[in-house]
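*Asks:* the amino acid sequence is not available; the structure is as follows:
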C-alpha cells in the first residue's frame, strides 16, 4: 500500500509539472516571416518610359527602378516651380522623374510597365529591406495569459521543415475580441537570415510560434484552471 501511495503521489506530481509547463506557453493561431517594407510612390502622374528592375531583383540603395515622364511636372518646371530631387527620385528638365531605391533590399512588388500610366499619389512598388526579417505572430489569449507576456520572452519558431529556431518577443500589440486578447507579437531572431535553411527563411513563409509566458510557480496552472472553472459556474 505504501508503494502504491508513493506511485500515486509521484504521478500526480509529474502530471502537475507537465500541466503547469503547458500552461506557461501558448501556440500562435497564425504566424509568418515578414520584413520592413518601403513603398515607392509617384508625386506626379505620367507615363513610364523605362523600367530597370523586376519582382525578385535585389537592389542596392541608389539603384534605378524606373523612369516616368510627366506633363504636369514639365509644366511646373517651365513655370519655374522648384521641384527638388529626393532620396527616392531625381528630376530632369524634360519632366522625367527617375526613381531609385532608398534602401538595400529585394523588389517584392512592381505595378508599372514601360508605356503604362501612373496616377499621382499611387503606390507602384515595394522593396523589402535586407536584414530586417522578423515573425509576425497572432495569439488568442485570456486576460491572465496576456498579462504574463514579458519583454524579451523566449519564442520557439518552427519552420515548415520542422526545424525550430529560437526567437524573442520584440513588440506586442493587442485588441479585445469577444472577451479575449487578440495579440499580435513581433518576434526577432538572429537566425532569421534571408535564404537560410534551403531558402525557407524568406518573407511570407508560414511558421508556428510557441511563446513562453511568465512562470508563476508549479501550482499556478492548476490554480488558474480551478479559478476559471469556479468563475464559469458562478461560484
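*Replies:* Nice, I can see it. Because the structure is predicted, anything quoted here is derived from the model rather than measured. Numbering: from 1, shown residues only.
*Asks:* quick one: stretch 58-72 to chain centroid distance?
*Replies:* The chain centroid and the centroid of stretch 58-72 are separated by 27 Å under Cα atoms, centre = their mean, to the nearest Å.
*Asks:* tell me which residues in it are buried?
*Replies:* 59, 63, 64, 65, 66, 67, 68, 69, 70 (16 or more other Cβ atoms under 10 Å). C-beta coordinates here come from the backbone N, C-alpha and C atoms, glycine included.
*Asks:* tell me the secondary structure at residue 197.
*Replies:* On the three-state scheme (DSSP: H, G, I helix; E, B strand; the rest coil), residue 197 is labelled helix.
*Asks:* who does the lengthiest strand in the chain pair up with?
*Replies:* Within the chain, and with DSSP state E defining each element, the longest strand by residue count is strand 164-177. When pairs are called by DSSP bridges, strand 164-177 turns out to pair with strand 154-158 (antiparallel), strand 180-188 (antiparallel).
*Asks:* of all the ones you listed, which one is nearest residue 55?
*Replies:* Within the strands paired with strand 164-177, the stretch nearest residue 55 is strand 180-188; the backing value is 25.3 Å (Cβ to Cβ).
*Asks:* so which of the strands paired with strand 164-177 gets nearest residue 109?
*Replies:* Closest among the strands paired with strand 164-177, once you apply Cβ to Cβ, is strand 180-188, at 21.5 Å.
*Asks:* what's that closest one in contact with?
*Replies:* By Cβ atoms under 8 Å, 6 or more residues apart in numbering, the list of residues contacting strand 180-188 from outside reads 28, 31, 134-143, 145-146, 149, 155, 157, 167-176, 209, 211.
*Asks:* select only the buried ones of those in ChimeraX?
*Replies:* Only the buried members of those enter the following ChimeraX selection, criterion being 16+ other Cβ under 10 Å:
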select :28,31,134,135,136,137,139,140,141,145,146,149,155,157,167,168,169,170,172,209,211
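*Asks:* which residues touch residue 76?
*Replies:* With the criterion set at Cβ under 8 Å, 6+ apart, residue 76 makes contact with residue 83.
*Asks:* again, but for residue 134
*Replies:* Contacts here follow Cβ under 8 Å, 6+ apart; on that basis residue 134 touches 33, 34, 35, 170, 186, 187, 188, 189, 192.
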